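**Student:** This is a predicted model, with the sequence first.
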Amino acid sequence: MYSMLTLHRFKLLTLLVIANAGALLYLSLGELKPMEIWSWTDIAGEGGSALLVLVWAWLLLKGRPAGRVTNLLFFGLACLFCSLWMDSLDEFIALPETMTLDHWLESAPMPIGFILLTLGIYHWHFEQLAISAQMINRERHFREHRQFDKLTPLGDARYFQRQLEQAMPEAQERAEPLSLVMLDLDDFSAVNNKHGLREGDRVLQLVSQQIVLNLRCHDLLCRLAGDRFIILLPATLEAQAQVLAQELSDSLAHLALKTAGQGERITLKATAVALMARQEDASSLLKRLNIVMARAKQGPQLARSGA
């Protein structure tokens, strides 16, 4: 509350000064009415409305940051309060019948307040549209990040499928080659069985880091499942992708890995295959790549393009 009072002290002080000035002005120009002739219905209606407007202003300042919209809304409410406040004072103070100032003080602030409130709500509308757009972007970003692997963290199979479906038409439109590399760790279950799942997870993290070090900034690495990784290579011919696949396989074979606990040496071997996209959709390309990988896993040699 103290921070709110400090932030909006000039607004609150202005409202307090205006309310007191109005009361002093009426007292100086008129005289108090006897309690017997007070209209309690008018006092409750006009005074209660003035108090409610003050509550609205308080909630506004408490719930919104300072700025143009807050200022417009607050001063619009302040004008409504002043109109209702002066109208309430009229129930306690009798002014000369020839005086018309009270009519102006009671009536003029009301339309000004509504104009300010309308402007404030108008700008608030566009403010909410901007906030909604940001929330939509954040929600989309969140949904995309939900498709990230929690362990590595790399994109998962669904995320890769989406990115591939977007990249293939773009590559065809620009008449650029697009290739994929799939890498599978051979007999990785032996690492889990010998050293435990926790150590196996740590190895997968290190493997993903090692692969990333050999990629370009615009290449995309994802973890399909388990010990299988896939790489999207824009503007890359199949021969270049095959070279990269062999380099990745060699780098993992020479990767110096030791267990975190006992320091035992862990030797990895990976099978890597590469394919370039043809005039096909993403599902067909991935199906061809899986066939090539299945053939490569059956033999010792790196698979060449086929299928």
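**Tutor:** Thanks, I have it.
**Student:** Can you show me the helices along this protein?
**Tutor:** For the chain, applying DSSP state H gives helices covering 2-7, 9-29, 40-42, 48-63, 68-89, 101-107, 109-146, 157-173, 189-195, 197-213, 238-253, 282-298.
**Student:** Would you mind finding the most buried of the ones you listed?
**Tutor:** Scoring the helices of the chain by mean neighbour count under mean count of other Cβ atoms under 10 Å gives helix 68-89 as the most buried, with a mean of 22. C-beta coordinates here come from the backbone N, C-alpha and C atoms, glycine included.
**Student:** Could you dump the helices of the chain into JSON lines and include distance to Arg265 and mean pLDDT?
**Tutor:** Shown next, in JSON lines, are the helices of the chain (distance: least, Cβ to Cβ, whole Å; pLDDT from 0 to 100):
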{"stretch": "helix 2-7", "distance to Arg265": "60", "mean pLDDT": "58"}
{"stretch": "helix 9-29", "distance to Arg265": "69", "mean pLDDT": "82"}
{"stretch": "helix 40-42", "distance to Arg265": "92", "mean pLDDT": "80"}
{"stretch": "helix 48-63", "distance to Arg265": "61", "mean pLDDT": "87"}
{"stretch": "helix 68-89", "distance to Arg265": "65", "mean pLDDT": "88"}
{"stretch": "helix 101-107", "distance to Arg265": "90", "mean pLDDT": "77"}
{"stretch": "helix 109-146", "distance to Arg265": "35", "mean pLDDT": "77"}
{"stretch": "helix 157-173", "distance to Arg265": "31", "mean pLDDT": "91"}
{"stretch": "helix 189-195", "distance to Arg265": "11", "mean pLDDT": "88"}
{"stretch": "helix 197-213", "distance to Arg265": "12", "mean pLDDT": "88"}
{"stretch": "helix 238-253", "distance to Arg265": "13", "mean pLDDT": "93"}
{"stretch": "helix 282-298", "distance to Arg265": "24", "mean pLDDT": "93"}
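**Student:** could I get these as JSON lines with distance to Ser179?
**Tutor:** Below are those laid out as JSON lines (distance: least, Cβ to Cβ, whole Å):
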{"stretch": "helix 2-7", "distance to Ser179": "57"}
{"stretch": "helix 9-29", "distance to Ser179": "63"}
{"stretch": "helix 40-42", "distance to Ser179": "83"}
{"stretch": "helix 48-63", "distance to Ser179": "54"}
{"stretch": "helix 68-89", "distance to Ser179": "52"}
{"stretch": "helix 101-107", "distance to Ser179": "77"}
{"stretch": "helix 109-146", "distance to Ser179": "24"}
{"stretch": "helix 157-173", "distance to Ser179": "10"}
{"stretch": "helix 189-195", "distance to Ser179": "29"}
{"stretch": "helix 197-213", "distance to Ser179": "15"}
{"stretch": "helix 238-253", "distance to Ser179": "4"}
{"stretch": "helix 282-298", "distance to Ser179": "10"}
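**Student:** Which one, of these, ends up nearest to Leu220?
**Tutor:** Closest to Leu220 of those, according to Cβ to Cβ: helix 157-173, at 5.9 Å.
**Student:** angle of the closest one against helix 282-298?
**Tutor:** When axes from the mean of the first three to the mean of the last three Cα atoms, to 10 degrees is applied, the directions of helix 157-173 and helix 282-298 differ by 110 degrees.
**Student:** Show me what helix 157-173 is packed up against.
**Tutor:** Using 3 or more Cβ pairs under 8 Å, 6 or more residues apart in numbering; DSSP states H and E as the contact test, the elements touching helix 157-173 are strand 178-185, strand 220-225, strand 228-234, helix 282-298.
**Student:** Output those as a markdown table; include the columns distance to Glu170.
**Tutor:** Converted to a markdown table, those look like this (distance: least, Cβ to Cβ, whole Å):
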| stretch | distance to Glu170 |
| --- | --- |
| strand 178-185 | 9 |
| strand 220-225 | 13 |
| strand 228-234 | 8 |
| helix 282-298 | 12 |
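**Student:** To Leu61, which of those lies closest?
**Tutor:** Closest among the helices and strands packed on helix 157-173, using Cβ to Cβ: strand 220-225, at 48.3 Å.
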